[in-house]
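J.: Kindly generate the corresponding structure for this input.
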Amino acid sequence: MKERATVIDNLLEDRIKTVLPNLMRSNGIDMWLVISREYNEDPVIETFLPATWLAARRRTILVMYDPGNNQDIETLAIARYDVGKSFKKAWDKEKEPDQWKALLGIIEARNPEKIGINKSEFFGLADGITATDLEELEKNLGEKYASKLVSAEQLAIGWLETRTPKEMAIYPQICRIAHEIIDEAFSDKVIQPGVTTTEDVVWWMREKIRELNLITWFHPTVDVQRADPESFDHLRTFSKRPDANVILPGDLLHVDFGIKYLRLNTDTQQHAYVLKPGETEVPAYLKAAFEKGNQLQDIFTNNFKGGVSGNEVLKKSRQEAIANGIKPSIYTHPLGFHGHAAGTTLGMWDAQEGVPVNGDYPLHYNTAYAIELNASVFIKEWNKEIRIMLEEDAIFTENGVQYIDGRQKSILTIPRIPATH
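T.: Residues are numbered from 1 along each chain as shown. Predicted structure coming up:
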């Protein structure tokens, strides 16, 4: 844990030096205020706190000021303590008991043109200032400076969504851990057909995470599709799955799983097939269905372009997929400090015609996404439609989309069949 704290703090210091100045200047905000009270934290302030701070303390006010002329961003804390290495204490309560007046003094001395605050109608992660703090801020700034308050929505989203080279150097290892947990969960080390339930596998994954001193940002799910009359729609996947479904030979399993490590999140969905007695590989009809899922991924990621909106990518990808005989559903989201992170929304499972506002936000380079989608395929052998549901973590740069730790290209088998040479 001590070594992790060092890594987290080093990554934060690097972000403040390399990401923050460009974002403030490109958004025309010369002062950014991030204000939170203990245990009611703005999602943004949590990404500025040092590793040893698990919450804000009392009321914590962070001030970031751009003095111009390409000088370093000034980072101050209107708090009783330094906040990490960067945010130096700028409030002496013994000299000025009123925290808001101390903040006003900092602002008056710098006279900024635009003061950004985290207030947003549509982007929840950029809407962290509480009603009380906003009311107190406006009252204490007075008309002159209250009139300079503007939404820091774009700045906050940019800060949250941008991934640095140093972060991307470690992200593959984080995604690899998640992949390896899935690989073990979907094996005969964990699953005994006819005995093990889907919920048994879910809780095994939760236990495994704890054994590794990791956490998850959502409760995993494991689902079954099989040769029965039961349909498998989105609502069943998200909210109406059976609690204790016994896993049987011939089942197509699906998992949705994510971990958090070094403040970065993963989000992965993969498939496994439980071999029937005498089977040595996945049936050809399931292999063909899975290939449709990979094909949909390729169509979709090939349409990522910098500056293009999520809705445009969604529309074009769906049209191309349908033209190629695929029945698509695309619901991809940004990934990073949060699982469902700030940035461009590319469809929702119940909004395939586009997502207002969040889907209109353009794609930026050096951002990460959970490439989440499914292809519906009719299986005549089962006389029903199944869904190949895939989700893999990827980075988007000027070179296009690359999967951070690869992607699933074939269905896992339970048990594994050793390769023959």
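J.: Tell me which stretches of the stretch 201-350 of the chain form strands.
T.: Taking DSSP state E, counting those that start in this stretch as the criterion, the stretch 201-350 of the chain contains strands spanning 221-225, 252-257, 260-261, 264-265, 268-274, 327-330, 333-335.
J.: Can you check which helix is longest in the protein?
T.: Under DSSP state H, the helix in the chain containing the largest number of residues is helix 165-185.
J.: That helix to strand 252-257, inter-axis angle?
T.: Note on geometry: by axes from the mean of the first three to the mean of the last three C-alpha atoms, to 10 degrees, helix 165-185 and strand 252-257 are set 140 degrees apart in direction.
J.: could you list every residue that touches the residue lying closest to residue 345 once chain neighbours are set aside?
T.: Distances taken as C-beta to C-beta, 6 or more residues apart in numbering place residue 358 nearest to residue 345, at 4.0 Å, with adjacent residues excluded. For glycine as for every other residue, the C-beta is placed from the backbone atoms N, C-alpha and C. Going by C-beta atoms under 8 Å, 6 or more residues apart in numbering, residue 358 touches 122-123, 310, 344-345.
J.: Local confidence estimate at residue 358?
T.: The predicted structure scores residue 358 at 94 on the pLDDT scale.
J.: Ok, residue 19 next?
T.: Residue-level confidence at residue 19 comes out at 97, pLDDT.
J.: show me what contacts it?
T.: 158-159, 162, 164.
J.: again, but for residue 285
T.: Taking C-beta under 8 Å, 6+ apart as the definition of contact, the neighbours of residue 285 are 379-381.
J.: cutoff 10 Å now
T.: Each residue near residue 285 by C-beta atoms under 10 Å, 6 or more residues apart in numbering is listed here: 377-382, 386.
J.: Check the gap between it and residue 328 for me.
T.: With distances taken as C-beta to C-beta, to the nearest Å, residue 285 is found 19 Å from residue 328.
J.: And residue 55, by the same measure?
T.: Per C-beta to C-beta, residue 55 is found 42 Å from residue 328.
J.: Between these two, which is the more surrounded one?
T.: Between residue 55 and residue 328, residue 328 has the larger neighbour count (other C-beta atoms under 10 Å), namely 24 against 14.
J.: Who does that one form a beta bridge with?
T.: Beta-bridge pairing of residue 328 under DSSP bridges involves residue 375.
J.: where in this protein is pLDDT low?
T.: The chain contains residues with pLDDT under 70 at 231-244, 419-421.
J.: Residue ranges of each domain in the protein, please.
T.: Here the domain assignment for the chain is 2-159, 163-414, based on automatic domain parsing.
J.: Check whether residue 109 sits in a helix, strand or coil.
T.: With DSSP: H, G, I helix; E, B strand; the rest coil as the basis, residue 109 sits in helix.
J.: Residue 303 versus that one, what's the distance?
T.: The gap separating residue 109 from residue 303 is 49 Å, by C-beta to C-beta.
J.: Comparing the two, which residue is more hemmed in?
T.: Higher neighbour count among residue 109 and residue 303: residue 303, with 20 against 8, using other C-beta under 10 Å.
J.: so who does that one touch?
T.: 312-320, 346, 363, 401.
J.: Skipping its backbone neighbours, what lies nearest residue 223 in space?
T.: Counting by C-beta to C-beta, 6+ apart, residue 223 lies nearest to residue 254, which is 4.6 Å off, once chain neighbours are set aside.
J.: Look up which residues are beta-bridged to the one you found.
T.: In this structure, residue 254 has the following beta-bridge partners (DSSP bridges): residue 223, residue 271.
J.: Surely it is in contact with residue 268?
T.: No: counting by C-beta atoms under 10 Å, residue 254 stays clear of residue 268, with 11.1 Å between them.
J.: so what's in contact with the two at the same time?
T.: Each of residue 390 lies in contact with both residue 254 and residue 268 under the rule C-beta under 10 Å, 6+ apart.
J.: what's near enough to touch residue 313?
T.: When contacts are counted by C-beta under 10 Å, 6+ apart, residue 313 touches 300-305, 330, 332, 344, 346-347, 359, 362-363.
J.: cool, and residue 281?
T.: Listed by C-beta under 10 Å, 6+ apart, the contact partners of residue 281 are 273, 275, 287, 410-411, 413, 417.
J.: which phi and psi does it have?
T.: phi -160, psi 170 (degrees, to the nearest 10).
J.: before we move on, the earlier item: top of the contacts of residue 285 by number of neighbours, please.
T.: Ranked by neighbours (other C-beta under 10 Å), the contacts of residue 285 are led by residue 386, which has 23 neighbours.
J.: still on that earlier bit, which one of the strands of the stretch 201-350 of the chain lies closest to residue 169?
T.: Closest to residue 169 of those, according to C-beta to C-beta: strand 264-265, at 11.5 Å.
J.: Go ahead and name everything in contact with that closest one.
T.: Residues lying outside strand 264-265 but in contact with it, judged by C-beta under 10 Å, 6+ apart, are 8, 11, 163, 167-168, 170-171, 174-175, 178, 215-218, 258-259, 335-341, 368, 370, 393, 404.
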